[in-house]
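**Student:** How does the following fold in three dimensions:
(one chain, ligands or ions: 1)
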Amino acid sequence: MAATQAAGDRHQVVVIGSGFGGLFGTKALRRADVDVTMVARTTHHLFQPLLYQVATGILSEGEIAPPTREVLSSQANARVLLGEVTAVDLEARTVTHHVLGRENVTSYDSLIVAAGAGQSYFGNDQFAEYAPGMKSIDDALELRGRIFGAFEMAELGAARGDNVDHLLTFVVVGAGPTGVEMAGQIAELAHRTLRRDFRSINTRSARVVLVDAAPQVLPPFGAKLGAKAQKELEGLGVEVLLGAMVTDVDERGIEMKYKDGRVERINTVTKIWAAGVQASPLGRTLSEQSGAPLDRAGRISVNPDLTLPGHPEVFVVGDMINLDHLPGVAQVAIQGAKYAAKEIEGRLKGKPAQPPFKYRDKGSMAIISRFRAVAMVGKLRLTGVIAWLMWLAVHLVYITGFKNRVTAVLHWLISFLGRGRSERTTTEQQIFGRTALARLKRGATDLVSEPGAYDAARQMLETTRRAELESQALEEARLTDAGQRGLPAAERV
Ligand SMILES: Cc1cc2nc3c(=O)[nH]c(=O)nc-3n(C[C@H](O)[C@H](O)[C@H](O)COP(=O)(O)OP(=O)(O)OC[C@H]3O[C@@H](n4cnc5c(N)ncnc54)[C@H](O)[C@@H]3O)c2cc1C
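**Tutor:** Residues are numbered from 1 along each chain as shown. Okay, here's the model as predicted:
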């Protein structure tokens, strides 16, 4: 074990994570009289909202994932350490992190935890093998390989005279912004980008299906925009199946059960999971030590000033927190991290505490295809080209790094004005790396599912999860329609 305590007598701030919370929190401390150590398990900052564009060949991974070390190179009081944080000791005020079997322990005076969330399969983790999620660069590249690979396999099969419908069927699970954007882009790929590239298949005959257990598309956008988005998707040729709970996923297909008990199977090799999130397991560690409860998605309840109960020196921000029904969006993480940084700096200067954290909803948007998007900013509801231009402007502002902005614009011009995609390269490593590694690591026993466990999980999914998902979606839509999104519980009706 090696201790990596930073040298010097200054106040030591440790930041866990290099995502929106981690990066913006660290940057907000640039003028503070502190040393900041950012510990993260990747060497890059990831702009997750554009992962689907990496998966569908519009952008390169480098454009949405600049090296954190480079981003922070001119911030003299910040250093970056690569490592997976495995433990936080709230009493000893230390963070333990590992990289390639090497353990490091870093001490802190103040801690900002911004470890985000991972994919949730609602207790059916075995689905992951056949329906990858989209949370990391690895995920997006794997999906790119699977999507473009499916067209290749279809071309080969069709040339032999085989039925290739299952290869030309793409199912996206989850009709939130990520699922909507993904389905829209696959439809554009099939109908525009690839239409002249194959000889034995007609890519325009590809079937793109968007599935959700909720009764509407884009619940956080409210009923009206949800309906509008659904119509736009259907106009693009996307089939939207609502009230459909996924009950099984295997190599060749996906099975769904509707509310009325009807079961439907779709034969498809390409399934994409964009349905649920589970907060970082670090939340559990923090919960066990502080007594702060976790919700079902593993999010930890924090004080109104984003600190842990009994630990004013520990702030938790972003996707990990359960506070006032705040959504899991980038702005919650950014604003929370800036608030925490300001509080840390203020305390050192002897300033009084800030009022409780208040999220300023700057709006939400989801792109459906080129020139089509939906957006809500305050009471304003926008669709079509205006919403799309707004989406373009906002994403350009928030992509990190000038170079990345320039190249992203270039690639958008190629994809949106032309019909090309600059980043169609796929490799076997991308397609098979994750599953091959999982097999190597855990051995053959992990490759067969336990029938009892599988049935129990499936039962749970059908009975409790459906009701929960539906009520969650309805509540989100209701809060949006009533203009009460992000308001503290006491102020909501
Ligand atoms: C596909 C997709 C599309 C999205 N689209 C939008 C959108 O359009 N608009 C929007 O506002 N939001 C969107 N979001 C949500 C938004 O990206 C998140 O709300 C935001 O990233 C949360 O910020 P965060 O700092 O809490 O977590 P993250 O940005 O996820 O950062 C977590 C960081 O912690 C690191 N980490 C995790 N565990 C550990 C550990 N144990 N040790 C060390 N490091 C660790 C990770 O590597 C990462 O650097 C999208 C999310 C996804 C996945």
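**Student:** how many neighbours does Asp305 have?
**Tutor:** By other CB atoms under 10 Å, 15 other residues sit near Asp305. From N, CA and C alone the C-beta is placed, and that goes for glycine too.
**Student:** meant to ask about Ile431, not that
**Tutor:** Neighbour tally, Ile431, other CB under 10 Å: 18.
**Student:** same thing with the one 4 residues further on?
**Tutor:** By the other CB under 10 Å criterion, the neighbourhood of Thr435 contains 15 residues.
**Student:** repeat for the one 4 residues further on
**Tutor:** Counted with other CB under 10 Å, the neighbours of Arg439 add up to 14.
**Student:** One more: Ala375?
**Tutor:** 23.
**Student:** I'd guessed it sits against Gly363; true?
**Tutor:** Yes - counting by CB atoms under 8 Å, Gly363 is a contact partner of Ala375 at 6.3 Å.
**Student:** what pLDDT does Lys271 get?
**Tutor:** Lys271 carries a pLDDT score of 97 in this model.
**Student:** From Ala114, how far out is it?
**Tutor:** 30 Å (CB to CB, to the nearest Å).
**Student:** now the stretch 51-200 of the chain, which segments are flagged as low pLDDT?
**Tutor:** For the stretch 51-200 of the chain, no stretch has pLDDT under 70.
**Student:** need the strands for it, in chain order.
**Tutor:** Secondary structure of the stretch 51-200 of the chain (DSSP state E, counting those that start in this stretch): strands located at 78-82, 84-89, 94-99, 102-107, 110-113, 117-119, 169-173.
**Student:** Compare those strands and report which one is nearest to the ligand.
**Tutor:** Comparison of the strands of the stretch 51-200 of the chain against the ligand by CB to the nearest ligand atom identifies strand 84-89 as nearest, at 3.5 Å.
**Student:** Tell me which residues are up against that closest one.
**Tutor:** For strand 84-89, contacts defined as CB atoms under 8 Å, 6 or more residues apart in numbering pick out 16, 39, 41, 94-99, 111, 113, 115, 282, 285-286, 289, 314.
**Student:** Show me just the buried residues among those.
**Tutor:** 16, 39, 41, 94-97, 111, 113, 115, 282, 285-286, 289, 314 (16 or more other CB atoms under 10 Å).
**Student:** What parts of the stretch 201-350 of the chain come near the ligand?
**Tutor:** Residues of the stretch 201-350 of the chain lying near the ligand by CB under 6 Å from any ligand atom: 280, 282, 318-319, 328-331, 333.
**Student:** which non-adjacent residue is nearest Asn267?
**Tutor:** Distances taken as CB to CB, 6 or more residues apart in numbering put His166 closest to Asn267, at 4.0 Å, once the chain neighbours are dropped.
**Student:** What is the burial count for that neighbour?
**Tutor:** The number of residues packed near His166 is 19, by other CB under 10 Å.
**Student:** give me the residue from the stretch 301-450 of the chain nearest the ligand.
**Tutor:** Across the stretch 301-450 of the chain, the shortest distance to the ligand (CB to the nearest ligand atom) belongs to Gly318, at 2.1 Å.
**Student:** my read: that residue touches Gln48, true?
**Tutor:** No - with contact defined as CB under 8 Å, Gly318 does not reach Gln48; the gap is 11.1 Å.
**Student:** Please enumerate the shared neighbours of those two.
**Tutor:** Common contact partners of Gly318 and Gln48 (CB under 8 Å, 6+ apart): Gly19.
**Student:** Which of those two has more residues huddled nearby?
**Tutor:** Set Gly318 next to Gln48 and count neighbours by other CB under 10 Å: Gly318 wins out with 33 against 19.
**Student:** Could you pull up the residues touching the more buried one?
**Tutor:** Counted by CB under 8 Å, 6+ apart, Gly318 has contacts 17, 19-21, 114, 116, 328, 332-333, 336-337.
**Student:** By pLDDT, rank those residues and give me the bottom one.
**Tutor:** Gly328 (93).
**Student:** Once you drop chain neighbours, what's closest to Arg318?
**Tutor:** Let me fix one detail, which is that residue 318 is Gly and not Arg. Ala333 (3.1 Å).
**Student:** tell me the secondary structure for the one you found?
**Tutor:** Counting by DSSP: H, G, I helix; E, B strand; the rest coil, the backbone at Ala333 sits in helix.
**Student:** quick one, what contacts it?
**Tutor:** With CB under 8 Å, 6+ apart, Ala333 has these contacts: 19-21, 24, 114, 116, 317-319.
**Student:** In a markdown table, list those along with distance to Val105.
**Tutor:** Listed next are the contacts of Ala333 as a markdown table, based on distance: CB to CB, whole Å:
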| residue | distance to Val105 |
| --- | --- |
| Gly19 | 23 |
| Phe20 | 26 |
| Gly21 | 22 |
| Phe24 | 26 |
| Ala114 | 19 |
| Gly116 | 22 |
| Val317 | 23 |
| Gly318 | 24 |
| Asp319 | 25 |
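**Student:** can I get those residues in CSV with distance to Ala206 and secondary structure?
**Tutor:** Converted to CSV, these look like this (distance: CB to CB, whole Å; DSSP: H, G, I helix; E, B strand; the rest coil):
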residue, distance to Ala206, secondary structure
Gly19, 33, coil
Phe20, 34, helix
Gly21, 38, helix
Phe24, 39, helix
Ala114, 39, coil
Gly116, 33, coil
Val317, 41, coil
Gly318, 36, helix
Asp319, 33, helix
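**Student:** Just the buried residues from those, in ChimeraX please.
**Tutor:** Buried members of the contacts of Ala333, defined by 16+ other CB under 10 Å, are picked up in ChimeraX with:
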select :19,20,21,24,114,116,317,318,319
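**Student:** ok, for the residue in the stretch 151-300 of the chain positioned nearest to the ligand, nearest residue in space, not its chain neighbours?
**Tutor:** In the stretch 151-300 of the chain, the residue that lies nearest the ligand is Thr178 (4.1 Å; CB to the nearest ligand atom). Counting by CB to CB, 6+ apart, Thr178 lies nearest to Ala274, which is 4.2 Å off, once chain neighbours are set aside.
**Student:** Quick check, that neighbour in contact with Val171.
**Tutor:** No - Ala274 is beyond contact range of Val171, at 10.7 Å (criterion: CB under 8 Å).
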